[in-house]
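**Q** Okay, here's the prediction I keep looking at, along with the sequence it came from:
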Amino acid sequence: MLEIEKLNAGYGRVQVLWDVDLAVEAKQIVALVGANGAGKTTLLRAISGMIAVRSGGVKFRDRDIAGASIESIVDLGIAHVPEGRRLFSGLTVRENLVLGGWRRNNRDLSRVVALFPVLGQRLNQVASTLSGGEQQMCAIARGLMSEPSLLLIDELSLGLAPIMVDEIVGRLPEIAASGTAVLLVEQDIDTALTVSETAYVLETGRITRSGSSRELLADATIQAAYLGLESQ
Amino acid sequence: MSASPLALILEGRKRPGRELLAEWVRTRRLSNSWAAIALVVGFAAMLGVQQVIEPGTMRLLSAVFMFVALAQAWNLIGGFTGYASFGQVAFFGLGAYITAVLMNNSHLTFWLAMPAAIAGGVLFAVLIGLPLLRLRGHYFAIATLGAAEGSREVINNMTPVTGGGLGITIPTFGDQAPTPYFGKPGFYLAFLILAALSVAVSALLARSRFGYAMVAVHEDEAAAGAVGINTTSVKVIAFAVSGAIVACAGSIYAFQQIEFYPSDVFDPSFTVLMVIMVVIGGSGSILGPLVGAVGLELLSQFLRINLGSYNQLIFGAIIVVVVVFFPQGVVNFFRDAWRLRRISLLDNIRRYRL
């Protein structure tokens, strides 16, 4: 569904991504892992049109979206849940969700409330008064309001209690099964590789490893580099 | 979503008034039908008032109506969208001069000159909005202030067309007049219609899908972009609608004044008043600018009549006190007080201290 080939992108004169190849199939959960500064966020921003693509192809449902506007990419079915959540903090949960469905004029909250019931109790509450976990739920729900077929989630676990991370990550298979594939950027490699089927490892702007998440999780070098486990 | 309160009343008022009020406080806005009724009732009441007042009072209230329109216009870009413009008077002066030049030099009627002034306001808003709306905060404020000062100088120096510093006169008597002078009752009506239209336009925009987009840009422009809102076009459209209303006010004001100079219609104090009225009334709402404009203009006129030369000093002092006690605006203060069931100025200052 999403096919990225030899993507090069960056900011100003600084190139961040070098010949990145990545693919996401429909209804799949794909993890993108790597250290700080590897270019994970930049890759998501390049996919959703927030930064320009220098060269290479970004194809989504057989349409070339490299260089397309953010609006048209949202229309095609990609939603971006940005790092740090970026909720409209002075607005209520309801207003945040309605704004998520702004492009499609979607005001039907039933799907996301069924997914995160706690949001249903918080609809008239101002977003900044939510707990961190609830804010992340609200951000994901806002992304889902545009009825995307691909959801990009940046740093899901950032600043959240482990129990909240489990709670939210536990919803991802449900989201994927309902028709929205997930590309998950995550520093918590263990969580990311457990929930996903496929994973990519990004190091200093290049994809160095990719394949089945289960195999990567069992891989000794990955364990040594990211999980702090000594190889035996 | 619930049915409109009007429908509920028609079917025998199934819900008590307190519940309706509670819902309004929760959602913080009147339903569309109530808002429309309030506007029509207000308009009709002001038509009724006109029948019983002196022409001098009519002139005073005309100024109040004009400031209602100006405050609503400023609120669209400065309140809802969050781009505090300190140059909205540029549209006022532009509208005034387009009207005067067309009526004086080209002998067009007011009914052609006013739409031309509005179109000029929209065009100017798009032209300066596209570059200036890329700036934020103080930079946007300074740039718009500069644009207003600059446009006054341009008008000042286009002497062959505008009369420059010698001023311009709209012919209003005899065969020379392209449109007969309205007189005080006529301008009362013109400004009243403008005020009502500006309230209606603001309310419709605020409640529409576009209203959500303006508030999203205000809250977090990057996040607004991420949900697929074209932030540039939202900002430019809000700026242009604001400019159109201000230019229309300038157009009517020009005809009312008959004779004026660039320094009259490009006076930065118009901008300052727009900002103060919105901030004191409560920005980002429809009621706020309305309350701010009516309250401050009436107060200013009252002080001018009763206090002689000290009126500006007292007016300024009152503004300072009100801003200290109601930093979020009078309307928003009472809304909060109702929601929390508690009125405390001290709490309020603590909550919103700068």
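**A** That came in fine, so what should we check first? Residues are numbered from 1 along each chain as shown, chains lettered A, B, ... in the order given.
**Q** In chain A, which residue is most central in space?
**A** Chain A has residue A:153 as the residue nearest its centroid, 1.8 Å off, counting by Cα atoms, centre = their mean.
**Q** pLDDT averaged over the one helix or strand residue B:321 maps to, what's the number?
**A** Counting by DSSP states H and E, the element that carries residue B:321 is helix B:311-325. Across helix B:311-325, pLDDT averages out at 92.
**Q** Other residues contacting whichever helix or strand comes after it?
**A** Using DSSP H and E, the helix or strand that follows helix B:311-325 in sequence is helix B:330-340. Identification of contacts with helix B:330-340 by Cβ atoms under 8 Å, 6 or more residues apart in numbering or on different chains yields B:25, B:28, B:280-282, B:285, B:287-288, B:291-292, B:295, B:322, B:326, B:328, B:343-344, B:348. Every residue, glycine included, has its C-beta placed from N, CA and C.
**Q** can you rerun that using 7 Å?
**A** B:25, B:28, B:280, B:281, B:282, B:285, B:287, B:288, B:291, B:326, B:343, B:348 (Cβ atoms under 7 Å, 6 or more residues apart in numbering or on different chains).
**Q** before we move on, the earlier item: and the residue nearest to the centre of chain A, that's in a helix?
**A** No - counting by DSSP: H, G, I helix; E, B strand; the rest coil, residue A:153 is located in no helix; its state is strand.
**Q** Let me see the contact set for the nearest residue to it once chain neighbours are set aside.
**A** Spatial nearest neighbour of residue A:153, excluding adjacent residues (Cβ to Cβ, 6 or more residues apart in numbering or on different chains): residue A:81 at 4.6 Å. Shown in contact with residue A:81 (Cβ under 7 Å, 6+ apart): A:139, A:140, A:143, A:151, A:152, A:153, A:154.
**Q** what separates the second one from chain B, distance-wise?
**A** Computed with Cβ to the nearest Cβ, to the nearest Å, the distance linking residue A:140 and chain B is 13 Å.
**Q** show me where chain A has helices.
**A** Taking DSSP state H as the criterion, chain A contains helices spanning A:40-47, A:70-76, A:93-100, A:110-115, A:117-121, A:132-144, A:162-169, A:172-177, A:189-195, A:213-218, A:220-226.
**Q** Quick check: residues of chain B near chain A?
**A** Contact residues, chain B versus chain A (Cβ under 7 Å from any Cβ of the partner chain): B:26, B:209, B:212-213, B:215-216, B:219-220, B:222-223, B:225-230.
**Q** Spatially, which two of these are the most separated?
**A** Across the residues of chain B next to chain A, no pair lies farther apart than B:26 and B:230, at 30.9 Å, counting by Cβ to Cβ.
**Q** more neighbours, the two?
**A** Using other Cβ atoms under 10 Å in any protein chain shown, the more surrounded residue of residue B:26 and residue B:230 is residue B:230, with 16 against 11.
**Q** Give me the phi and psi angles of the more buried one.
**A** phi -80, psi 90 (degrees, to the nearest 10).
**Q** Looks like it contacts residue A:71 (just checking).
**A** Yes - using Cβ atoms under 7 Å, residue B:230 is in contact with residue A:71, at 5.4 Å.
**Q** Return the residues of chain A in contact with chain B.
**A** A:70-71, A:74, A:80, A:82, A:86, A:88-91, A:98-100, A:102-103, A:105, A:124, A:142, A:146.
**Q** Next up, the contacts around residue A:59.
**A** Under the criterion of Cβ under 7 Å, 6+ apart, the contact list for residue A:59 reads residue A:3.
**Q** Kindly state the beta-bridge partners for it.
**A** Residue A:59 has these beta-bridge partners by DSSP bridges: residue A:3, residue A:64.
**Q** tell me the pLDDT at it?
**A** With respect to pLDDT, residue A:59 scores 95.
**Q** in the chain, which segments are predicted with low confidence?
**A** All of this refers to chain A. Confidence mapping of chain A against pLDDT under 70 gives the ranges A:227-232.
**Q** that's the wrong chain, I wanted chain B
**A** Along chain B, the parts satisfying pLDDT under 70 run over B:1-30, B:353-354.
**Q** Report the contact partners of the closest residue to chain A within chain B.
**A** Proximity of chain B to chain A (Cβ to the nearest Cβ) peaks at residue B:228, 3.2 Å away. Taking Cβ under 7 Å, 6+ apart, we find residue B:228 in contact with A:70, A:71, A:74, A:102, A:103, A:146.
**Q** Distance check, the third one against residue B:187.
**A** The one in question is residue A:74. According to Cβ to Cβ, to the nearest Å, residue A:74 stands 48 Å off from residue B:187.
**Q** So which of these two has more stuff around it?
**A** For residue A:74 versus residue B:187, neighbours defined as other Cβ under 10 Å are more numerous around residue A:74 (25 against 21).
**Q** my read: the more buried one touches residue A:104, true?
**A** No - counting by Cβ under 7 Å, residue A:74 does not reach residue A:104; the two are 8.6 Å apart.
**Q** joint contacts of those two?
**A** Common contacts of residue A:74 and residue A:104, defined by Cβ under 7 Å, 6+ apart, comprise residue A:146.
**Q** Work out for me the element residue B:129 sits within.
**A** Here residue B:129 is assigned to helix B:110-132, by DSSP H and E.
**Q** And for that helix, what's in contact with it?
**A** Under the contact criterion Cβ under 7 Å, 6+ apart, helix B:110-132 has outside partners B:91, B:94-95, B:98-99, B:102-103, B:140, B:143-144, B:147, B:178-179, B:235-236, B:239-240, B:243-244, B:246-248, B:250-251, B:255.
**Q** which helices and strands does the longest helix along chain B pack with?
**A** Longest helix of chain B, by residue count under DSSP H: helix B:231-257. Secondary-structure packing of helix B:231-257 (3 or more Cβ pairs under 7 Å, 6 or more residues apart in numbering or on different chains; DSSP states H and E): helix B:55-74, helix B:89-104, helix B:110-132, helix B:183-207, helix B:209-219, helix B:221-226.
**Q** Single out the most deeply packed of those.
**A** Ranked by mean neighbour count, the helices and strands packed on helix B:231-257 are led by helix B:89-104 with a mean of 28 (mean count of other Cβ atoms under 10 Å in any protein chain shown).
**Q** got the angle between that helix and helix B:55-74?
**A** 120 degrees (axes from the mean of the first three to the mean of the last three Cα atoms, to 10 degrees).
**Q** what angle separates helix B:89-104 from helix B:231-257?
**A** Relative orientation of helix B:89-104 versus helix B:231-257 (the same axes, to 10 degrees): 50 degrees.
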